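> have a look at this prediction, sequence included:
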Amino acid sequence: MGELAADKHVKYIVSVGKKKGSFESVVIEHMRVNGAYWGLTTLDLLGMLHVVDVDEIVSWLISCRHESGGFGGNVGHDPHIMYTLSVVQVLALFDKLDVLDIEKVSDYVAGLQNEDGSFSGDEWGEVDTRFSYIAICCLSLLHRLNKINVEKAVKYIVSCKNLDGGFGSTPGGESHAGQIFCCVGALAITGSLHHIDKDLLGWWLCERQVKSGGLNGRPEKLPDVCYSWWVLSSLIMIDRVHWINKEKLVQYILACQDVENGGISDRPDDAVDVYHTFFGVAGLSHLEYPGVKAIDPAYALPVDVVNRIFFGR
Amino acid sequence: MDSDEENQPWIPLSQRLEWSDVTPVPQNDGPNPVVPIAYQDHFTETMDYFRAIFQAHERSPRALGLTSEAILLNPGHYTVWQFRRLVLEALSVDLHGELDFTETIAKGNSKNYQLWVKKSFLAISSLVSNISADTYRHHRRWVAEKLGTTATSKELEFTKKILSLDAKHYHAWSHRQWVLQALGGWEDELNYCDDLIEEDVFNNSAWNQRYFVITRSPLLGGLNAMRESEVKYTVNAIIARPENESSWRYLRGLYRDDNQSWVNAPAVSSICLKVLSTKTNHVFALSTLLDLISHGFHPSQELRDIVNALSTPESDSDLARTVCTVLEDEDPIRADYWKWRKSKLPQVS
């Protein structure tokens, strides 16, 4: 069986989108800040963050800032909580959080909390537990969790818990591994994991592993490399990761690599993209694959970055 | 936007009279970007004109038309959608037309868009369509909220159409649940769940919706009132396909917060017995039996004999341990989970 083609993945990330007229780059123009987070975090996990020009990236990120304090997905785009977190995460990678007006950014995020404790993604008001996670993760990284009502935020997330132990996007919404990651992550960051039925949720999560070794996000769906991140992180946070077959999952992720041109895809032989490359490498990090730095399951940042932020080292 | 309009060749904005007074604004990605964006001409020109009217805060029919063009090219572009809402508000446009527009986007009917997807051969198209779905659903909700209960049946029909194309479409289900709670229309929802489950008994989204209906519909009286008939329904679904994770979990959910009734329910232990007697596809029957025993259930001799018959080579004197051993063997990818379950069992002397 193959090995992780780390050098190829680094080259792929650095060169991605340079092809003139690539559909991929056109349609993700509005979410380029997310792309930067996926690409740069992967480079850091592979120990290659130094290949990029930090000052250039930081000044571009700053130019995505909106007067409200939030950030858009690219220059001139409306602010959204999702892109605001990506900006904070990328600046955390570079140890450049000090370029932010932390009060302003955290006021923007805190201002999106609703009366029932939930969070909206932007001024237009769409509510989703994804936004609860994003807000809590972002404010925690900025040491400003005190700006929101944490108790209500937790209560809302718990109200989205289902009969199978998982979580949905809103109360009554179907359990989905991505939403579960968000809810478990938010509960982990706020020290509220006791609200989770760990054994029940752990079993649901390990039921996501299919014969090929890959993980799906819901019953009877196809496996996808991105769930290596959503499912594994959740299992680690509730201390149940030993319930899945790690070797088979490693083999599945490695089988999704493009070993010639770099990059990782959702399933073997599909076309690669930056999103799945990040989730594949991050999944391998959780599986303690040699040569990949450890990633924090709640903050989705390398452990050394998280330690620097919370322990000053 | 109807299909006739789309079939016409695209005329560059720079050649259209009504846009002659606008100077397009190119995207500024800064020097040597990390995720460099390569633009195609058609897309580029549309977005350059969009940026111009966006920055000029223009609220006009042509601005509305341009947002339609831009969204058809890239339905996930959230800034365009947001700007569109501002224009719609400013022009007091009849919002019923918006429902048709979002439907075109939702069904991927845009010929331009399909062409782009076809050209791309990229895995990211699934991510992109997911983001698009999130974005149009958000818009659709904004419109439906403004229209109020006059939109109820249209919204339920709309989500039904999307779900007929993809029965597990997460955003369509979210929208549908929002419609039911905000605008009503619960009358036929349980029948709709019946239909979908009959179509595909493995559809976890439909089972989830069923639970949503029986626990939240103002017309049905709640979980306790529904339990008996639901247990009957679920048992039949389990008999049809005993390897179905969804129906077993639903059955357990019917006894949420009431372990005693669950342990004592004859229907639950007898469905385990029934499935185990068939000697195939019994992983969930065994795991349910294990849960029952862990909660104080005393299995009959008949159940013991059937489980012991599954175990090779030798049976444990403790039935729960035997169940774990069989599960380790038959569900090897989760062997560590079943081993852990075994280790948690009370030690027999």
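Happy to help now that I have it.
> what about the closest residue to chain B within chain A, distance to B:S14?
For chain A and chain B, the shortest gap (CB to the nearest CB) falls at A:L163, measuring 3.1 Å. To be clear about C-beta, it is placed using only N, CA and C from the backbone, and glycine gets the same treatment. Here A:L163 is placed at a distance of 57 Å from B:S14 (CB to CB, to the nearest Å).
> same check, this time on B:E103
For B:E103 relative to B:S14 (CB to CB), the value is 31 Å.
> who has more neighbours, the two?
Neighbours of B:E103 and B:S14, each counted by other CB atoms under 10 Å in any protein chain shown, are more numerous for B:E103; the result is 17 against 12.
> which helix or strand contains that one?
Taking DSSP states H and E as the criterion, B:E103 maps to helix B:96-106.
> what parts of the stretch 101-250 of chain A come near chain B?
For the stretch 101-250 of chain A, the contact set with chain B under CB under 8 Å from any CB of the partner chain comprises A:122, A:124, A:126, A:162-164, A:168-170, A:172-176, A:202-204, A:206-207, A:209, A:211, A:213, A:218-221, A:242-245, A:248.
> just the ones of the residues you listed in strands?
Members of those lying in strands (criterion: DSSP state E): none.
> are any of those buried, and if so which?
A:122, A:124, A:126, A:162-164, A:168-170, A:172-176, A:202-204, A:206-207, A:209, A:213, A:218-219, A:221, A:243-245, A:248 (16 or more other CB atoms under 10 Å in any protein chain shown).
> what about the helices in the stretch 201-313 of chain A?
A:226-237, A:246-255, A:274-286, A:303-311 (DSSP state H, counting those that start in this stretch).
> so what does the second one touch, helix or strand wise?
Same thing as helix A:246-255. helix A:226-237, helix A:274-286 (3 or more CB pairs under 8 Å, 6 or more residues apart in numbering or on different chains; DSSP states H and E).
> adding distance to B:S20 and mean neighbour count, write those out as CSV.
As requested, the helices and strands packed on helix A:246-255 are arranged in CSV below (distance: least, CB to CB, whole Å; neighbours: other CB atoms under 10 Å in any protein chain shown):
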stretch, distance to B:S20, mean neighbour count
helix A:226-237, 46, 26
helix A:274-286, 39, 26
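> redo these as TSV? Include mean pLDDT and distance to A:E29.
Shown next, in TSV, are the helices and strands packed on helix A:246-255 (pLDDT from 0 to 100; distance: least, CB to CB, whole Å):
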stretch	mean pLDDT	distance to A:E29
helix A:226-237	97	21
helix A:274-286	96	14
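> turn those into JSON lines, including distance to B:A167.
Formatted as JSON lines, the helices and strands packed on helix A:246-255 follow (distance: least, CB to CB, whole Å):
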{"stretch": "helix A:226-237", "distance to B:A167": "20"}
{"stretch": "helix A:274-286", "distance to B:A167": "25"}
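> to B:D188, which of the ones you listed lies closest?
helix A:226-237 (34.0 Å; CB to CB).
> closest point of chain B to chain A, which residue?
B:G253 (3.1 Å).
> mind listing what the residue nearest to that residue when sequence neighbours are not counted touches?
Once flanking residues are discounted, B:G253 sits nearest to A:L163: 3.1 Å by CB to CB, 6 or more residues apart in numbering or on different chains. Contact analysis of A:L163 by CB atoms under 8 Å, 6 or more residues apart in numbering or on different chains lists B:211, B:249-250, B:252-253, B:256.
> how about the helices of the stretch 201-313 of chain A, which one is nearest B:L290?
helix A:226-237 (20.6 Å).
> just checking, what packs against that closest one?
Looks like helix A:226-237 contacts helix A:177-189, helix A:198-206, helix A:246-255, helix A:274-286 (3+ CB pairs under 8 Å, 6+ apart).
> need these in CSV (columns: distance to B:E45).
Rendered in CSV, the data for the helices and strands packed on helix A:226-237 read as follows (distance: least, CB to CB, whole Å):
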stretch, distance to B:E45
helix A:177-189, 35
helix A:198-206, 47
helix A:246-255, 40
helix A:274-286, 26
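> between those helices, which gets nearest to B:K168?
Closest among the helices and strands packed on helix A:226-237, using CB to CB: helix A:177-189, at 13.3 Å.
> pull the CA atoms of that closest one into PDB?
Coordinates of each C-alpha in helix A:177-189 appear next as PDB, following Å, rounded to 0.1, in the frame of the first residue of the first chain:
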ATOM      1  CA  ALA A 177     -21.400  14.100  11.000                       C
ATOM      2  CA  GLY A 178     -20.500  17.700  10.000                       C
ATOM      3  CA  GLN A 179     -23.100  19.200  12.400                       C
ATOM      4  CA  ILE A 180     -22.000  16.800  15.100                       C
ATOM      5  CA  PHE A 181     -18.500  18.000  14.800                       C
ATOM      6  CA  CYS A 182     -19.700  21.600  15.200                       C
ATOM      7  CA  CYS A 183     -21.900  20.800  18.300                       C
ATOM      8  CA  VAL A 184     -19.300  18.600  20.000                       C
ATOM      9  CA  GLY A 185     -16.600  21.100  19.200                       C
ATOM     10  CA  ALA A 186     -18.600  24.000  20.700                       C
ATOM     11  CA  LEU A 187     -19.400  21.900  23.800                       C
ATOM     12  CA  ALA A 188     -15.800  20.900  24.100                       C
ATOM     13  CA  ILE A 189     -14.500  24.500  24.000                       C
END
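> just the mean pLDDT for stretch A:259-272, thanks.
Regarding stretch A:259-272, the rounded mean pLDDT is 92.
> so how far is it from its chain's centroid?
Centroid displacement of stretch A:259-272 relative to its chain, using CA atoms, centre = their mean, to the nearest Å, is 20 Å.
> residues in contact with it?
A:2, A:5, A:7-13, A:16, A:214, A:222-226, A:252-253, A:255-258, A:273-274, A:276-277, A:279-281, B:121-124, B:126.
> go with 6 Å
Residues from elsewhere that reach stretch A:259-272 (CB atoms under 6 Å, 6 or more residues apart in numbering or on different chains): A:5, A:8-9, A:11-12, A:224-225, A:255-258, A:276-277, A:280, B:121-123.
> buried residues, it. List them.
Here stretch A:259-272 shows A:262-267, A:270-272 as buried, counting by 16+ other CB under 10 Å.
> check stretch A:173-193 too.
A:173-190, A:192.
> ok so B:W10 is a strand residue?
No. Looking at B:W10 with DSSP: H, G, I helix; E, B strand; the rest coil, it is coil, so not inside a strand.
> and the gap between the nearest residue to it once chain neighbours are set aside and B:G185?
Nearest residue to B:W10, sequence neighbours excluded (CB to CB, 6+ apart): B:H42, at 6.2 Å. Going from B:H42 to B:G185 by CB to CB gives 41 Å.
> also B:D200?
Distance from B:D200 to B:G185, by CB to CB: 23 Å.
> try A:L49
Distance from A:L49 to B:G185, by CB to CB: 52 Å.
> neighbour count for those two, which is higher?
The neighbour count for A:L49 versus B:G185, taken as other CB under 10 Å, is higher for A:L49 (18 against 15).
> related to what we said a few turns ago, residues near the residue nearest to B:W10, how many?
16.
> quick check: which element contains it?
helix B:41-55.
> which strands or helices does that helix pack on?
The contact analysis (3 or more CB pairs under 6 Å, 6 or more residues apart in numbering or on different chains; DSSP states H and E) places helix B:41-55 against helix B:61-73.
> got the buried residues for the helix it packs on?
B:63-64, B:66-73.
> now do stretch B:50-63
In stretch B:50-63, counting by 16+ other CB under 10 Å, buried: B:50-54, B:58, B:63.
> so how far is B:L219 from B:N191?
For B:N191 relative to B:L219 (CB to CB), the value is 12 Å.
> buried residues in the strand or helix carrying B:W178?
Taking DSSP H and E as the criterion, the element that holds B:W178 is helix B:170-183. Judged by neighbour count using 16+ other CB under 10 Å, the buried positions of helix B:170-183 are B:170-181, B:183.
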